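Asker: please work out how this folds:
(one chain, ligands or ions: 2)
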Amino acid sequence: MLEPSTPVQFVKGIGPRLAEVLAAKGIATVDDLLHYLPFRYEDRLNPRSVSELRAGEMATVIAEVRNSGVFRTRRMAIFQLTVGQGTSKLKCLWFNAAYLQDKFQPGQMLALYGKVEADRDGRLQIMQPQFEVLGDINEPGGADEAEKKAAASLEVGRIVPIYESTGQGKLSPRWFRRIIRWTLENLNPCLPDPVPAAVRKHLSLLSPNKALWQVHWPDPGESFTDLQTSRTPAHIRLIFDELFFIELGLELKRREQKAQTGIAFRLEKNVREAIKKILPFHPTAAQKRVLKEIATDMQAASPMRRLLQGDVGSGKTIVAFQAAIIAIENGYQAALMAPTEILAQQHYFSARQILEKTGYRIGLLTGSLDQVQKRNARRHIAQGNVQLVIGTHALIQDRVEFKKLGLVIVDEQHRFGVMQRLKLMRRASVDDTMGAGDSLARSGTKDLLDAEPDVLVMTATPIPRTLALTLYGDLDVSILDELPPGRTPVVTRSVPNDRSPEVWDFMRKQIEAGHQAYVVYPVIEENEETEVKAAKQMHRQLREKIFPSLHVGLLHGRLDSAEKEHVMREFQQGKIEILVATTVIEVGVDVPNATIMVVEHADRFGLAQLHQLRGRIGRGAAKSYCLLIRGNKVSEEGERRLDAMVRSNDGFQIAELDLELRGPGEFFGTKQAGIPSFRVANIIRDRELLEAAKREAAFVISGPNTEVSKDEIDRALREMRARWSPTYGLVEVG
Ligand code: ADP
Ligand code: MG
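Answerer: Ligands and ions are numbered 1, 2, ... in the order given. Predicted coordinates:
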């Protein structure tokens, strides 16, 4: 009898060699094999009859081979096959497929699947169909006659699962069908269900065994649409399982964090007054709400672990400073980490301005300081002479000792870093910036009897709310969903390359009206092979040819920090009217007088990136314009990105679209992000199940009670640990 944990090598028909092929696909155990789900199904119970096919549809046809041949055009060899059912015939074509010519014999039965099209004479044909020769099972594994018969019966007269073949085609859909069928038949039928009964009841979940059977071998009556969209009860059970145990881990982690000793800051009069005193404007309702959430966390005795999301320009900085005031007025130090030197400097300047009235001592710690300055800065931090330290992630992370660190703020956290929260749960790994927060938190608290500083992470990456809430189950999430008043949405246009003279004219008018402009390029320097315009060369051209009477500055990542600082300051002070830049300005740069942004080769930028870039303008009351100049050849996806930018100013909408265009893997950069790679779930498609899983996980952990017994909780937690450690490398959950 097979158990889920049995290595696949013990499945009949899988030897050591095939086991290796499967291992490369991430299939090591029986459980992995059973979670290798069909990527589609064919209805071979009710296959289409040739006479009723319609052009444009995807169809499964079962028919007999009549004749075949190869004909050559000047460009390629086309293999043509005619199949028939009684008197009706259907033509199938494969391009560049002379190799198929020995594959078929007249009289063979085929299952064909593909798109039906009409040829020039209006006759129907299927182009490049996928096919299986029915009853032909010369596959690896050495089946005997009886088994061949049994296997053949799996191929017709039912809904047939189609698996992605692997091992360079060695492991065909048919091979998987036979192997998975055998595995199911020999699987221990009394698998315990690790999901507590109450949860099963809430969602009417099938048993694991039944779900596995049904997902591979659906009942004849199963809805075909549900099958193809992974929405059958069987799919739902398997997807839910995967998400539930992740959420259970996150929920537990979150509770653990809550149980740690933090600092219970107090919100006395001095704090309130200081917070009020600094405000240069009326906070938005969203800012007030978020500050309250943060303040409540900071007052609690458990450490804050909060993610603050807010679209570009929503005003996160002031909220961060307010949080810093709470810590400082309580006698603690605060650290603000920025991802770039430019941003750290900018924060330093605005902190000195905004916090001036408080009289706090503020320190800057960045790479451009010389050794002596750095040493001094560190000494002041260690002695507690500095109350607010602003720096780049790397520098603060680098063994800085604090006298009494109470709050760590991580600004403009990249989406990847944020997602690495999951990975971070494995405590050993603190290689991302959030990790920096944690390690910083630890290094700073030696003399504080293990009290953990509070951590606030800020990001402008608008992760759709449901995903944020569910995937960062271990973080609390605050959202600034309101822009400060007086902003008019940025007018965005997509402009063809040959109309750039008009763009420059328009820009000139804006500058004559007293505004400033950004011009963004995808690369710093020209590369001979591509025809992409580059910041350096275009800087020269814009300065010398197009705007000779204006001040045109250049900013990119390869300037040394003193140069960067100089250019930024001149732009901030209005001495530079046009700033030519690369994406270094993507995050955080805040110059409200800049009202126009031109992005050249805009189709080459990612959607989220374009949105971040556009966030640099539209920061003041004046109307702002974002002109996206597209290259000469734009891909279809590039068009869709530009289109989305023109249509929407809403970061959350854009993020959703980005997710759709790129898929979750790309969007989150699954690997780097430390997001578990799911076997059956898809966090976009399965959002609702993700939420249900989170809800149920919280419900289970809050037990035991009349609905969930202690035994059930223990079993679920054991299962969770078993799943987390091998899959996500998480040793220390719970
Ligand atoms: P981000 O969330 O992108 O970091 P910032 O904190 O840089 O945004 O704020 C963007 C701009 O809006 C800044 O110029 C800031 O001074 C201004 N701002 C923030 N909050 C308000 C408010 N409540 N009223 C008016 N202006 C605000
Ligand atoms: Mg910011």
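Asker: ramachandran coordinates for the closest residue to Val580 other than its chain neighbours?
Answerer: Distances taken as CB to CB, 6 or more residues apart in numbering place His539 nearest to Val580, at 4.2 Å, with adjacent residues excluded. Yep, even glycine has a C-beta here, placed from its N, CA and C like the rest. As for His539, its main-chain torsions (degrees, to the nearest 10) stand at phi -60, psi -50.
Asker: for Ala59, same thing?
Answerer: Dihedral angles (degrees, to the nearest 10) for Ala59: phi -140, psi 150.
Asker: distance of the spatially closest residue to it that is not a sequence neighbour relative to Leu18?
Answerer: Among residues not flanking Ala59 along the chain, Arg48 sits closest, at 4.7 Å (CB to CB, 6+ apart). Arg48 is 34 Å from Leu18, where distance means CB to CB, to the nearest Å.
Asker: do Leu559 as well
Answerer: For Leu559, the distance to Leu18 - CB to CB - is 56 Å.
Asker: who has more neighbours out of these two?
Answerer: Regarding Leu559 and Leu18, a neighbour count based on other CB atoms under 10 Å identifies Leu18 as having more, with 20 against 16.
Asker: quick check: Lys277 touching Lys357?
Answerer: Yes: using CB atoms under 8 Å, Lys277 makes contact with Lys357 at a distance of 5.3 Å.
Asker: which pLDDT value goes with the residue nearest to Ala59?
Answerer: If you check Arg48, the pLDDT there is 83.
Asker: next, count neighbours for the closest residue to Arg614 other than its chain neighbours.
Answerer: When the adjacent residues along the chain are set aside, Arg614 lies closest to Cys626, with 4.7 Å between them (CB to CB, 6+ apart). Cys626 has 28 neighbours, counted by other CB under 10 Å.
Asker: who touches Cys626 in this structure?
Answerer: If a contact means CB atoms under 8 Å, 6 or more residues apart in numbering, then Cys626 has 490-493, 596-597, 599, 614, 617, 645 as its contacts.
Asker: change it to 7 Å
Answerer: By CB atoms under 7 Å, 6 or more residues apart in numbering, Cys626 lies in contact with 490, 492, 597, 614, 617.
Asker: how about the last one: what's its closest non-neighbour residue?
Answerer: If I follow you right, that is Ile617. Ser624 (4.1 Å).
Asker: wait, doesn't the one you found sit right on Val490?
Answerer: Yes: taking CB atoms under 7 Å as the definition, Ser624 is a contact partner of Val490 at 4.6 Å.
Asker: please enumerate the shared neighbours of those two.
Answerer: In contact with both Ser624 and Val490: 617-618, using CB under 7 Å, 6+ apart.
Asker: does stretch 323-337 reach ligand 1?
Answerer: No: Stretch 323-337 does not reach ligand 1 (CB under 6 Å from any ligand atom); its nearest approach is 11.8 Å.
Asker: per-residue confidence averaged over that stretch?
Answerer: For stretch 323-337, mean pLDDT is 95.
Asker: now the contacts of Cys626 as a markdown table including pLDDT and neighbour count?
Answerer: Rendered in a markdown table, the data for the contacts of Cys626 read as follows (pLDDT from 0 to 100; neighbours: other CB atoms under 10 Å):
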| residue | pLDDT | neighbour count |
| --- | --- | --- |
| Val490 | 91 | 21 |
| Thr492 | 95 | 24 |
| Met597 | 96 | 27 |
| Arg614 | 91 | 24 |
| Ile617 | 90 | 26 |
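Asker: which one of those residues is nearest Met1?
Answerer: Arg614 (60.3 Å; CB to CB).
Asker: strands along the stretch 1-150 of the chain, start to end?
Answerer: Along the stretch 1-150 of the chain, the segments classed as strands by DSSP state E, counting those that start in this stretch run 40-43, 58-72, 77-85, 88-95, 109-118, 124-133.
Asker: how about the closest residue to ligand 1 within the stretch 151-300 of the chain, nearest residue that isn't a chain neighbour?
Answerer: Distances between the stretch 151-300 of the chain and ligand 1 by CB to the nearest ligand atom are smallest at Phe281, namely 3.7 Å. Spatially, and ignoring its direct neighbours in sequence, Phe281 is nearest to Pro484 (7.2 Å; CB to CB, 6+ apart).
Asker: that neighbour - how many residues pack around it?
Answerer: So Pro484, with other CB under 10 Å, has 17 neighbours.
Asker: let's verify the residue of the stretch 601-734 of the chain found nearest ligand 1: helix, strand, or coil?
Answerer: Closest to ligand 1 within the stretch 601-734 of the chain is Arg619: 5.0 Å, counting by CB to the nearest ligand atom. Three-state assignment for Arg619 (DSSP: H, G, I helix; E, B strand; the rest coil): coil.
Asker: ok, it to Gln346 distance?
Answerer: 13 Å.
Asker: how is this structure carved up into domains?
Answerer: 1-44+169-191, 46-156, 262-480, 491-648 (automatic domain parsing).
Asker: out of the ones you listed, which gets the lowest mean score?
Answerer: For the domains of the chain, where the average pLDDT is lowest is domain 262-480, sitting at a mean of 79.
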